[in-house]
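> This is the structure alone, sequence omitted:
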Ligand SMILES: C[S@@+](CC[C@H](N)C(=O)[O-])C[C@H]1O[C@@H](n2cnc3c(N)ncnc32)[C@H](O)[C@@H]1O
């Protein structure tokens with residue numbers, strides 16, 4: 001199977017090699033790839049809807065809305081009989097097992113437990129030839145995934161072992177190996193991907209064992225997006241023949257220390273990508289201090305702050321002004337109180353987040369991602385309230401931070417231009433809408449499928465904005 005896979009990848013200009021300290025890696029073996037080109041696509045070996053937003057999703061197509069529960073197990077949801085029928089082969093064994101679980105214990109069957117149940121069910125169905133195994137879709141590929149068992153902390157190992165016991169209790173198969181399931185939980189943690197919609201909202205989790213060969217970089221040359229539940233890797237930079245293909249596993253808009261910590265904790269490696277290799281250099285110190293650090297006392301100064309040698313004050317590296325730790329600690333304390341209030345008084349969320357924003361404007365650098373996240377929350381609330389004028393003001397405020405934090409063909413930058421353009425168009429600001437939507441099209445045509453419903457919708461909005469601008473112009477002359 002492994003040789004067959006390599007043969008198949010070869011046909012697509014790709015190869016797999018092993019690098020010391022990294023394990024397997026995917027590289028452009030016999031050709032270059034250009035921005036927007038699909039490098040690889042794969043259907044999930046197994047996948048499960050998420051419940052991060054508290055909303056149920058169809059087990060088959062991951063849509064939300066009007067759904068019905070599977071009447072037998074009361075765990076799976078479907079949007080209609082077509083999805084339920086298509087899923088029956090996979091769900092049949094799971095349904096039987098879940099139906100045996102005590103009714104009030106079924107709520108403990110989390111998405112990660114279900115993903116594991118599905119993993120073992122799929123293996124059995126392929127072994128029994130109920131569903132076919134192919135070069136891209138077989139359990140051998142799952143066996144080859146890294147698990148990092150020896151690096152797991154005791155606490156994590158115990159948790160995975162407890163979850164493995166639950167899987168065993170639910171499936172009740174005589175030949176089940178609890179140690180192997182424990183290892184599989186660890187595999188899922190460092191190899192599974194969050195399935196997102198075109199606007200990068202999470203829908204579920206899937207395991208794509210060939211795509212899982214791709215290693216991480218904090219400045220990746222490709223991006224992982226989803227066409228429904230099919231994972232698609234697209235080049236966002238020119239990848240020359242012989243170069244490794246990278247995606248990002250984490251939020252890249254973070255300081256080097258934050259990124260490396262996240263990668264070490266979940267994926268057990270020390271990142272040496274081109275961004276991380278700069279750690280400790282003046283450029284990296286500056287970039288990290290801007291992304292997560294404090295602002296200068298002088299509101300007109302865009303300098304970044306570093307601690308002085310006595311660790312008493314923070315000095316602006318641009319104008320030399322100092323800020324005392326006490327003064328900043330006081331603002332940070334108020335910010336913390338407000339954040340707690342926001343979590344308890346959701347009906348006053350807008351006014352609380354605006355107060356948090358005010359405090360953060362005083363505290364953090366204008367390009368800080370901490371301030372950016374608060375503004376994103378405010379935009380979401382304002383859009384939910386259909387306060388388009390204020391939402392647009394906030395959206396525009398975020399654009400320069402997005403441009404800095406997500407350079408190049410980054411889907412998040414494209415999506416923020418799209419949001420801005422949609423609101424501008426809605427408010428009749430067609431000239432600005434044309435500018436924003438054009439920028440969105442330029443990026444999202446590369447990161448998403450050019451003729452997808454999503455990009456087509458974006459292009460038709462741009463056409464409408466252009467037609468409106470043309471009409472307005474013709475009225476003036
Ligand atoms: C999804 S897998 C990627 C494929 C993996 N190299 C393999 O051999 O199967 C994730 C694991 O690959 C390794 N890895 C990924 N990116 C890396 C990088 N930039 N440097 C070192 N190791 C990396 C880590 O062990 C990580 O837990």
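Okay, I see it. Since the model is a prediction, treat every value here as computed from it, not as a measurement. Numbering: from 1, shown residues only.

> Quick check: residues of this protein near the ligand?
21-25, 145-146, 148, 190-191, 212-213, 215-217, 267-269, 271, 273 (Cβ under 6 Å from any ligand atom). Just so you know, the C-beta spots here come from the backbone N, C-alpha and C atoms, and that holds for glycine as well.

> Which ones among those map onto strands?
In strands, defined here by DSSP state E, the members of the residues of the chain next to the ligand are 23, 24, 25, 215, 216.

> Please identify which pair of those lies farthest apart.
24 and 216 (12.8 Å; Cβ to Cβ).

> Can you pick out the residue with more neighbours from these two?
Ranked by neighbour count (other Cβ atoms under 10 Å), residue 24 and residue 216 place residue 216 first, with 18 against 15.

> Skipping its backbone neighbours, what lies nearest the residue in the stretch 1-150 of the chain that the ligand sits nearest to in space?
When scored by Cβ to the nearest ligand atom, the stretch 1-150 of the chain has residue 23 as its residue closest to the ligand, at 2.7 Å. Setting aside the residues directly before and after it, residue 23 is nearest to residue 146 in space (Cβ to Cβ, 6 or more residues apart in numbering), at 5.8 Å.

> Residue 459 against residue 444, yeah?
No - contact criterion Cβ atoms under 8 Å: residue 459 and residue 444 do not qualify, at 9.5 Å.

> of those two, who's got more company?
residue 444 (27 against 17).

> in what helix or strand does that one lie?
Using DSSP states H and E, residue 444 maps to helix 430-447.

> Which neighbouring elements make contact with that helix?
Secondary-structure packing of helix 430-447 (3 or more Cβ pairs under 8 Å, 6 or more residues apart in numbering; DSSP states H and E): helix 411-426, helix 453-476.

> what mean pLDDT would you report for the shortest one?
Within the predicted structure, the mean pLDDT of helix 411-426 is 97.

> As a markdown table, the ones in strands among the residues of the chain next to the ligand with distance to residue 101 and pLDDT would be great.
Shown next, in a markdown table, are those (distance: Cβ to Cβ, whole Å; pLDDT from 0 to 100):
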| residue | distance to residue 101 | pLDDT |
| --- | --- | --- |
| 23 | 37 | 97 |
| 24 | 37 | 96 |
| 25 | 41 | 97 |
| 215 | 38 | 98 |
| 216 | 37 | 98 |
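
> Mind putting the residues you listed into CSV with distance to residue 463?
Formatted as CSV, those follow (distance: Cβ to Cβ, whole Å):
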residue, distance to residue 463
23, 47
24, 45
25, 42
215, 40
216, 38
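
> just curious, which of those residues is nearest to residue 259?
Once Cβ to Cβ is applied, the member of those that ends up nearest residue 259 is residue 216, at 9.6 Å.

> for the closest one, which residues make a bridge with it?
Beta bridges link residue 216 to residue 247, judged by DSSP bridges.

> which residues sit in contact with it?
By Cβ atoms under 8 Å, 6 or more residues apart in numbering, the contact set of residue 216 is 246, 247, 248, 249, 250, 263, 267, 269, 271, 273.

> if we can go back for a sec, please state the offset of the helix holding residue 444 from the chain centre?
Relative to its chain's centre, helix 430-447 lies at 22 Å (Cα atoms, centre = their mean, to the nearest Å).

> Quick check: closest non-adjacent residue to residue 120.
In space, residue 120 is closest to residue 171, 6.4 Å off (Cβ to Cβ, 6+ apart).

> ditto for residue 255
residue 288 (3.5 Å).

> so the one you found sits right up against residue 257, yeah?
Yes - assessed by Cβ under 8 Å, residue 288 is found in contact with residue 257 at 6.6 Å.

> re earlier: tell me how far the residue nearest to residue 120 lies from the ligand.
Separation of residue 171 from the ligand (Cβ to the nearest ligand atom, to the nearest Å) stands at 26 Å.

> Any idea how many residues pack against that residue?
With neighbours defined by other Cβ under 10 Å, the count for residue 171 comes to 21.

> contacting residues for it?
For residue 171, the contacting residues are 97, 117, 120, 121, by Cβ under 8 Å, 6+ apart.

> any chance of these in CSV, plus distance to residue 60?
Shown next, in CSV, are these (distance: Cβ to Cβ, whole Å):
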residue, distance to residue 60
97, 18
117, 16
120, 19
121, 15
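
> Name the residue of the stretch 101-250 of the chain that lies nearest to the ligand.
Counting by Cβ to the nearest ligand atom, the stretch 101-250 of the chain gets nearest to the ligand through residue 215 (3.3 Å).
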